[in-house]
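**Student:** Fold the following.
(2 chains)
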Amino acid sequence: MKTLNKALVIAWKDILSETRTKEIISSVLIFAILVIVIFNFAFSGSQQTMISLAPGILWVTFAFAGVLSLNRAFIQEKDDDCLEGLMVCPVSRETIYLGKMLGSLFFMLFIEAIVLPVFALLFNVNVISLPLITITVLTTIGFVAVGTLFSALAVNTKAREMVLPILFFPIVTPIIISAVSASGLALGGESWGSITYWLGIIAAFDVIFLVVSYLVFSFVIEE
Amino acid sequence: MKATTNERAVEVKGLTKSFGNHLALGGIDFIVEPGKTLAIFGPNGAGKTTLIKILASIMKPTAGEVFINGLDLNHNAEDIRSQIGIVSHQTFLYGNLTAYENLLFYCRMYDVADFKQRILQVVSMVGMQYRLHDRIGTLSRGMQQRLSIARCLLHKPSIVLLDEPETGLDQQATSMLWGALREDGAKKRTIIFTSHSLERGLNACDDLIILNRGKIAHRQPSMDLGLAGLKKAYQNCTGAGDENPE
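**Tutor:** Numbering: from 1, shown residues only, chains lettered A, B, ... in the order given. Below you'll find the model as predicted:
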């Protein structure tokens, strides 16, 4: 309970700081909407064609927007020279990971909550449904679990904007494939039963990478 | 610097830290008794900051042992962190947040009871109560350093680590720094600090060590050594014939 409380304090601090600068929200949101608009111009066709293309477009947008957002997770700590300030607080390294992860999760979900209706409007597909929201939330947890770890790793490198995508995308490929497949089924009006298989893979990815990232974070941050 | 085990605030045994092939600290041993102030002098690259970072548990040693208030740093890092405060070159304050928000954040991280009162108390100590609701980014370097001292004192640490704490501080603020560190709370604090100013360092400490190339080149109680003696010892230890320490 103490771990969660402290993690929420770290997440609160990140959210408060973001409300001042709006660096992540504004830049990532504009980027995501631009990508959707470009895809909207690039692809045209029948409703059936759009439904088959929509999952891929949606997850390409979320994946690239996610990288942009996650890149910022530790940059503020680095820019303000505050990472060591967090490290001298009487909390475990894992708590710092959890706090940063919760902050990033909030930003990603906030951006997705705005992007999804825009996507629905431009592509004329019904993305505001319980199955699709479930897929989005579960996939975003996996994204952020991996991304927060790699963001901490990349922040100490010179080409950090390049390093994060290079590390991040190969690892999240399975969850992107699963999310695209599950979203395709959800948009096609398939039942929960047919989506469950892919949701299971996404949930397993979330659990594995949350646990692994949580456990290895201290090695990443300390050396 | 002798003490029995249960009297030791800080005990360092065979502390070694290497970065690849570079030996930053090569088998450091020292003891600091509770309430005493230890000054660490040395030229750039001597290992002062590395030593402070290890004591603060920011960095892990390659070998050796550190005991803080009798607790082994390798196994009780979280407990130890709640008992120490640190002022460094960096202020550990977020530029986008106000002074109050920064201090509130650290109060929550350190479980400070009665935090509103404590925040007012520490900012008054450092003379920053009038800028409490200003963003850190709008404050001067010296003001930020004052707030960094306030941040360090929030949780009433029994041990304070200072890595060149006078960075950016004017004369008045420097006096205030030592006043705040010593007057806050009834119990006398254990202080370990690094400094490039031999004169100010000598005045503030009970014991001193001179580090050179990761090793203790000289150690002595400050009362046994005047400024001239310290300057001579410093130059002998570091070979800094052409260097002019303050």
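**Student:** List the buried residues of stretch A:22-32.
**Tutor:** Neighbour-count burial for stretch A:22-32 flags A:24-25, A:28-29, A:31-32 (criterion: 16 or more other CB atoms under 10 Å in any protein chain shown). All C-beta spots, glycine's among them, are computed from the backbone N, C-alpha and C.
**Student:** One more: stretch B:174-191?
**Tutor:** B:174, B:176-178, B:180-181, B:184, B:189-191.
**Student:** cool, and stretch A:110-123?
**Tutor:** A:110-112, A:115-116, A:118-120, A:122-123.
**Student:** Stretch A:131-149 now?
**Tutor:** So, applying 16+ other CB under 10 Å, buried residues of stretch A:131-149: A:131-132, A:134-136, A:138-149.
**Student:** Residue B:57 reaches residue B:75, doesn't it?
**Tutor:** No: applying CB atoms under 8 Å, one finds residue B:57 not in contact with residue B:75, separated by 11.2 Å.
**Student:** higher neighbour count, the two?
**Tutor:** residue B:57 (22 against 9; other CB atoms under 10 Å in any protein chain shown).
**Student:** Can you tell me the closest non-neighbouring residue to the more buried one?
**Tutor:** The shortest distance from residue B:57 to any non-neighbouring residue, by CB to CB, 6 or more residues apart in numbering or on different chains, is to residue B:77 (4.5 Å).
**Student:** State the number of residues packed around that neighbour.
**Tutor:** 20.
**Student:** Could you report the neighbour count for residue B:144?
**Tutor:** 21.
**Student:** what's the answer for the one 10 residues further on, then?
**Tutor:** Counted with other CB under 10 Å, residues neighbouring residue B:154 total 20.
**Student:** OK, contacts around it?
**Tutor:** Shown in contact with residue B:154 (CB atoms under 8 Å, 6 or more residues apart in numbering or on different chains): B:85, B:103, B:106-107, B:110, B:112, B:118-119, B:122.
**Student:** Show me the shaky parts of the chain.
**Tutor:** Just going to use chain A. A:223 (pLDDT under 70).
**Student:** look at chain B instead
**Tutor:** B:1-7, B:184-187, B:222-224, B:240-246.
**Student:** Domain-wise, how is chain B divided?
**Tutor:** B:1-83+B:157-167+B:189-239, B:90-156 (automatic domain parsing).
**Student:** any idea which element the closest residue to chain B within chain A lies in?
**Tutor:** Distances between chain A and chain B by CB to the nearest CB are smallest at residue A:85, namely 2.7 Å. Secondary structure from DSSP states H and E places residue A:85 in helix A:83-87.
**Student:** Quick check: next helix or strand after that helix?
**Tutor:** Helix A:83-87 is succeeded, C-terminally, by helix A:93-123 (DSSP H and E).
**Student:** Summarise which helices and strands that next one is packed against.
**Tutor:** Contacts defined by 3 or more CB pairs under 8 Å, 6 or more residues apart in numbering or on different chains; DSSP states H and E place helix A:93-123 against helix A:2-21, helix A:23-42, helix A:47-71, helix A:83-87, helix A:130-154, helix A:192-222.
**Student:** which residues of chain B fall in helices?
**Tutor:** Ranges of helices in chain B, per DSSP state H, are B:48-55, B:77-81, B:99-109, B:115-125, B:141-153, B:171-183, B:198-204, B:227-238.
**Student:** List of residues touching the fifth one?
**Tutor:** In this case it means helix B:141-153. A:85, B:85-88, B:91-93, B:99, B:102-103, B:106, B:119, B:122-123, B:125-128, B:131, B:136, B:139, B:160, B:165, B:167-170, B:173, B:176-177, B:180-181, B:184.
**Student:** again, but for the fourth one
**Tutor:** With CB under 8 Å, 6+ apart as the test, helix B:115-125 has contacts from B:99-100, B:103-104, B:107-108, B:112, B:129, B:132, B:147, B:149-151, B:153-154, B:176, B:179-180, B:183-184.
**Student:** out of those residues, which are buried?
**Tutor:** B:99-100, B:103-104, B:107-108, B:112, B:132, B:147, B:149-151, B:153-154, B:176, B:180, B:184.
**Student:** what residues are up against the residue in chain B positioned nearest to chain A?
**Tutor:** Distance from chain A to each residue of chain B (CB to the nearest CB) is smallest for residue B:92, at 2.7 Å. Taking CB under 8 Å, 6+ apart, we find residue B:92 in contact with A:81-82, A:84-85, A:88, B:86, B:148, B:151.
**Student:** ok, how many other residues are close to residue B:219?
**Tutor:** There are 16 residues near residue B:219, going by other CB under 10 Å.
**Student:** closest one to residue A:4 among the domains of chain B?
**Tutor:** Each of those has some distance to residue A:4 by CB to CB; the shortest is domain B:90-156, at 13.0 Å.
**Student:** what's the first-to-last distance across that closest one?
**Tutor:** Terminal residues of domain B:90-156 lie 20 Å apart, using CA to CA, to the nearest Å.
**Student:** Equivalent analysis for stretch A:73-82, please.
**Tutor:** 13 Å.
**Student:** Surely residue A:108 and residue A:69 touch.
**Tutor:** Yes: with contact defined as CB under 8 Å, residue A:108 counts as touching residue A:69 (5.8 Å).
**Student:** Could you dump the helices of chain B into a markdown table and include distance to residue A:127?
**Tutor:** Shown next, in a markdown table, are the helices of chain B (distance: least, CB to CB, whole Å):
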| stretch | distance to residue A:127 |
| --- | --- |
| helix B:48-55 | 49 |
| helix B:77-81 | 44 |
| helix B:99-109 | 37 |
| helix B:115-125 | 44 |
| helix B:141-153 | 45 |
| helix B:171-183 | 57 |
| helix B:198-204 | 64 |
| helix B:227-238 | 67 |
